[in-house]
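# Task: produce atomic coordinates for the following.
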Amino acid sequence: MKLLILGGTKFLGRYVVEEALARGHEVTLFNRGQLNPELFPEAEKLRGDRDGGLEALRGRRWDAAVDPSGYSPRVVRDSARLLADAVEQYTFVSSVSAYRDTSVPGVDEGYAVGTVTEERLREAEALKQSELTTAPFFWEIYGALKALCERAAEEEMPGRVLNVRAGLIVGPHDYSDRFTYWPRRVSEGGDVLAPGNPERQVQFIDVRDLAAWTLDMAEARRAGTYNATGPDYRLTMSRVLEVCKEVTGSGARFVWVDEKFLLDAGLGPWLEVPLWTPESGEDRVNRFFMSLSVEKAVAAGLKFRPLRETVRDTLEWDLGRPADTQRRAGLARGREREVLEAWRAR
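Numbering: from 1, shown residues only. This next block holds a predicted model:
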């Protein structure tokens, strides 16, 4: 198969390329050449900017295209329009954040998506995509923009678009640290602040599993919308931490702190305390953000490696990073000690 990747050198795109090359596909990467340009010397590399600089794609043909790097509906529409007569199938990597809310468990692909005002959309579309991701309002409308990207691609290539609504993607080369924090922190031992309800469900997907399934779907020219997160059983926060402890062999002691106490202490869910989405408090519209239905994707062949493997490989990669790496998520050790002391003294 001749496969075009819009990006291909960062996290999910990187693993899609790696998997495609391993399967013997002919791969073309289209990007600006600014991030990890040395990767994949065996692949064809076209240089350009998908925001107004698509010339290198004109006059070419591929069997399928994978777009893991679209945030702006305008930019995705331009790419899909140019490729409409150049590819048979277009995979757009969207997000489960596209849903209007996750206030109920088991949200599936038919649930309503988020919306954005015309004024805010015009403001977003006036920016270059590279500028949009750093705009102060970006994360407020991120999910709605992803939903509009899905619609833009489908309008340009009706019946030929696969929308992959990914959940939290984890594993080696995840620089967001939204999962990486836990294997690393547990490996260090001591008293570890564990957030909220130990039996609260959590969902995420190993980047390698998502890449392999995405490629399976592209090979089969599948279309439609799928929630792509996991696993295919009910995974709890306590189990995640116990697996981290088993894999690292640490003597960590988990101190489960009531979520109301955490909120009152001013701790931030998701980034400051990864994998924590409160079941109470002001953000109840997202209380089941990690309790979505994945039945459709599983029926379409999505498979999940053992959690132990994800934890082991993520930690191994993380330990190889420079010692002065600035973490993008996770609770600072001093702050953790402060909250635990307050919890014990309450």
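# my guess is Pro68 meets Val16, correct?
Yes: using Cβ atoms under 8 Å, Pro68 and Val16 qualify as a contacting pair, with a distance of 6.9 Å. From N, CA and C alone the C-beta is placed, and that goes for glycine too.
# any shared contact partners between those two?
Ile5, Gly8 (Cβ atoms under 8 Å, 6 or more residues apart in numbering).
# those helices in the stretch 151-300 of the chain, which residues are they?
Chain-ordered helices for the stretch 151-300 of the chain, with DSSP state H, counting those that start in this stretch as the definition, fall at 181-187, 207-219, 237-248, 259-264, 295-299.
# so what's Val247 up against?
Counting by Cβ under 8 Å, 6+ apart, Val247 touches Pro183, Arg308, Val311, Arg312, Leu315.
# Take those and keep only those in helices.
Secondary structure defined by DSSP state H assigns Pro183, Arg308, Val311, Arg312, Leu315 of the contacts of Val247 to helices.
# For ChimeraX, write a command that selects the buried ones of these.
Command for ChimeraX, covering only those of the ones in helices among the contacts of Val247 found buried under the criterion 16 or more other Cβ atoms under 10 Å:
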select :183,311,312,315
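# would a markdown table of the helices of the stretch 151-300 of the chain with distance to Phe30 and mean pLDDT be doable?
Output for the helices of the stretch 151-300 of the chain, formatted as a markdown table (distance: least, Cβ to Cβ, whole Å; pLDDT from 0 to 100):
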| stretch | distance to Phe30 | mean pLDDT |
| --- | --- | --- |
| helix 181-187 | 33 | 98 |
| helix 207-219 | 16 | 98 |
| helix 237-248 | 36 | 98 |
| helix 259-264 | 44 | 95 |
| helix 295-299 | 27 | 98 |
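# Tell me how far the residue of the chain most remote from its centre lies from Trp276.
When distances are taken from the C-alpha mean of the chain, Ala345 lies farthest, 37.8 Å away, according to Cα atoms, centre = their mean. Taking Cβ to Cβ, to the nearest Å as the measure, Ala345 and Trp276 are separated by 22 Å.
# Can you classify Pro37 by secondary structure?
Remark: Pro37 carries the secondary structure label coil [criterion: DSSP: H, G, I helix; E, B strand; the rest coil].
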